[in-house]
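Undergrad: what shape does this take:
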Amino acid sequence: MSDSSDVKAGPELEVKVSAPEKPTEAPRDEVSVTRHSVTVNGQTLNYTATAGTMVLPEEKHGKEGEFEGHKRRARIFFVAYALDEQDAASRPVTFAYNGGPGSPALWLHLGLLGPRRVVMGDAGGLTGPPYRLTDNQFTLLTHSDLVFIDPVSTGYSRVTEGEKPGEFHGFKKDIESVGDFIRLWTSRAGRWLSPKFLIGESYGTMRSAGLSGYLQERHGLFLNGIMLISTILDYATVDTTPGHDLAYVTHFPTQAATAWYHGKLGRRSLKAVLREAEAFADGEYAAALHLGARLTPAARRRVAQKYARLTGLGTEFVLQNDLRVELMKFCKELLRDRRLTVGRLDSRFTGLDRTAGGSAIDYDPSYAAILGPYTATFNHYVRQELNFQSDLAYEVLSGRTRPWSMKEFEGRHVRAADTLRSAMHQNPHLKVLNAAGYYDFATPYWAARHTLDHLQLDPGLRSNIREVFYEAGHMMYVHQPSLAQQARDLTEFIEWARGDGQS
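TA: Residues are numbered from 1 along each chain as shown. Purely as a prediction, here's the structure:
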């Protein structure tokens, strides 16, 4: 501090204070490691959980292709579970993620696969807040180590400072970033010789199909199996733009299943209803839509009458909609007499709109039923049990990933089925499981069947695909009987596909 006698009178000077320098430290991994146990069927499983963010490096190359180093572009949040005292080389590892696009992995994590799961009840018997967790007697940890991945801008995953989130919000970059994370995790964990599986839900099945090619071609990482939950591999099967009628065919069996569930079709069994609905959809109904204006008035009425009989709608309503009842109209119309709407993700759930009029629903009651329980329990679980601390919001389908780029498919429908077919041809040991719910309008089970039936797969590889169906919706595991059956189906699939003679 200067003595005042040193200060001389003179012109006033502008004093500039330098701003503190920005930290130059590079982004680094931040993880929490905890140890736990769970008892499943009388057997105690001791396991280690690793929760945190892994920095994803990306190679930089000059104009002439010369390597210039790595650029840390994103932090990927993940939760990994590994059974203690296991042989890593023989122990399978399953990489899991959800869809959206824009969803983190909490649904598969706390609903189906992880060692802890949400208690929320089911359609007609929701528990309501506050919510709680319980040990998951159906966890896949009994047969595989697990790695749950939140893509960029979902969960706690973010780009690093100076990077643009939008560059990760698209079909191609999403596959590359998730695939590069899988490669990096596999290398660091020493799991290159482990049987490796992917499990994705909804748009996550599109991601899985893309990864089946990217992991093989970019990293030489060949998979043992892919588990597709609520499958969508070709958007043409759900597109209802004018002049494109396939989606009306693929949605029809789900309409019939929904009508049956809500008591509109009498005492027939669900199986009998579905078999008739599937045959009608692929036969008489598809032919009528194909004819368009060439369909005679008498034939049009016959088709409308059968449509109405199988869906609980009125014949005149079907005719007014030109035999093409759009999804939201169906969800509004089916239970209009009860002033109820049915869900899109799971049509067993019903909602209350402001009015019974109109043809649009106010909200999806099936999504409203799951959003609160899963969000609350995950935010509690990650901090209190996994000891990962962050003040960031855990992003759950918040819209941060919009718009989502599909520029690779400009002028045509988004389709990843061809990549899956190519991967299966190049790796004939690759097995695929298709799991679907009868009450799922978001990714109808008959749409997935159509895509798989049109893979143009070599006949010798068709037996590499298994299909399982459940009397539930998009997240079929919220239905307890379906959860129990799905756990059996997944473990049997892993034992079949692991490929080391232990099945």
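Undergrad: quick one: residues in contact with stretch 351-364.
TA: 328-329, 331-333, 336, 339-345, 365, 368 (Cβ atoms under 8 Å, 6 or more residues apart in numbering). (C-beta placed from N, C-alpha, C; glycine too.)
Undergrad: could you list which of the residues you listed belong to strands?
TA: Among the contacts of stretch 351-364, the members falling in strands (DSSP state E) are 341-342.
Undergrad: quick check on the contacts of stretch 351-364: which are buried?
TA: 328-329, 331-333, 336, 340-345, 365 (16 or more other Cβ atoms under 10 Å).
Undergrad: max pairwise distance over these: which two?
TA: Arg336 and Leu345 (20.3 Å; Cβ to Cβ).
Undergrad: quick one: list the elements packing against the helix-or-strand element of the chain with minimal mean pLDDT.
TA: Across the helices and strands of the chain, mean confidence by mean pLDDT, DSSP states H and E is lowest for strand 67-83: a mean of 86. Contact analysis of strand 67-83 by 3 or more Cβ pairs under 8 Å, 6 or more residues apart in numbering; DSSP states H and E lists strand 43-61, strand 145-150, strand 158-159, helix 171-189 as its packing neighbours.
Undergrad: neighbouring strands - and their directions - for the third one?
TA: Counting by DSSP bridges, the strands paired with strand 158-159 are strand 67-83 (antiparallel).
Undergrad: now flag whichever of the buried ones among the contacts of stretch 351-364 is closest to Ile229.
TA: Nearest to Ile229 among the buried ones among the contacts of stretch 351-364 is Leu345, at 12.5 Å by Cβ to Cβ.
Undergrad: for Tyr261, find the nearest of the helices and strands packed on strand 67-83.
TA: strand 145-150 (31.2 Å).
Undergrad: for that closest one, which outside residues touch it?
TA: Residues contacting strand 145-150 (Cβ under 8 Å, 6+ apart): 76-83, 86, 91-97, 104-105, 108-109, 113-114, 140, 156-157, 178, 181-182, 185, 194.
Undergrad: try stretch 440-448
TA: Against stretch 440-448 from outside (Cβ under 8 Å, 6+ apart): 202, 205, 228, 230-234, 237-238, 247, 249-254, 258, 278, 281, 327, 331, 343-347, 434, 436-438, 469, 473-474, 476.
Undergrad: of the residues you listed, just the buried ones, ChimeraX syntax please.
TA: Per 16+ other Cβ under 10 Å, the buried members of these correspond to this ChimeraX selection:
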select :202,205,228,230,231,232,233,234,237,238,247,249,250,251,252,253,254,258,278,281,327,331,343,344,345,346,347,434,436,437,438,469,473,474,476
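Undergrad: let's see which of the contacts of stretch 440-448 end up in helices.
TA: Counting by DSSP state H, the contacts of stretch 440-448 place 205, 247, 249-254, 258, 278, 327, 331 in helices.
Undergrad: before we move on, back to that, buried subset of the contacts of strand 145-150, written for PyMOL?
TA: In PyMOL, this line selects whichever of the contacts of strand 145-150 come out buried by 16+ other Cβ under 10 Å:
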select buried, resi 76+77+78+79+80+81+82+83+91+92+93+94+95+96+97+104+105+108+109+113+114+140+156+157+178+181+182+185+194
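Undergrad: next secondary structure after the least confident helix or strand of the chain?
TA: Using DSSP states H and E, the helix or strand that follows strand 67-83 towards the C-terminus is strand 93-97.
Undergrad: for that next one, C-alpha coordinates in PDB please.
TA: Provided in PDB are the C-alpha atoms of strand 93-97 (Å, rounded to 0.1, in the frame of the first residue of the first chain):
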ATOM      1  CA  VAL A  93     -21.700 -56.700 -20.600                       C
ATOM      2  CA  THR A  94     -24.800 -54.900 -21.800                       C
ATOM      3  CA  PHE A  95     -24.900 -51.200 -22.900                       C
ATOM      4  CA  ALA A  96     -28.300 -49.700 -22.400                       C
ATOM      5  CA  TYR A  97     -30.000 -46.400 -23.400                       C
END
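Undergrad: where's Val318, which helix or strand?
TA: helix 315-320.
Undergrad: and that helix, how far from the chain's centre?
TA: Centre-to-centre, helix 315-320 and its host chain are 35 Å apart (Cα atoms, centre = their mean, to the nearest Å).
Undergrad: try stretch 28-46
TA: 24 Å.
Undergrad: and if you look at stretch 240-256?
TA: 22 Å.
Undergrad: hang on, the earlier thing: deepest of the helices and strands packed on strand 67-83, which one?
TA: strand 145-150 (a mean of 25; mean count of other Cβ atoms under 10 Å).
Undergrad: where does the stretch 401-503 of the chain dip in pLDDT?
TA: Applying pLDDT under 70 to the stretch 401-503 of the chain flags the ranges 500-503.
Undergrad: how about the strands in it?
TA: For the stretch 401-503 of the chain, the strands defined by DSSP state E, counting those that start in this stretch cover 431-437, 465-470.
Undergrad: export the ones you listed to CSV and tack on distance to Asn321?
TA: Output for the strands of the stretch 401-503 of the chain, formatted as CSV (distance: least, Cβ to Cβ, whole Å):
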stretch, distance to Asn321
strand 431-437, 25
strand 465-470, 28
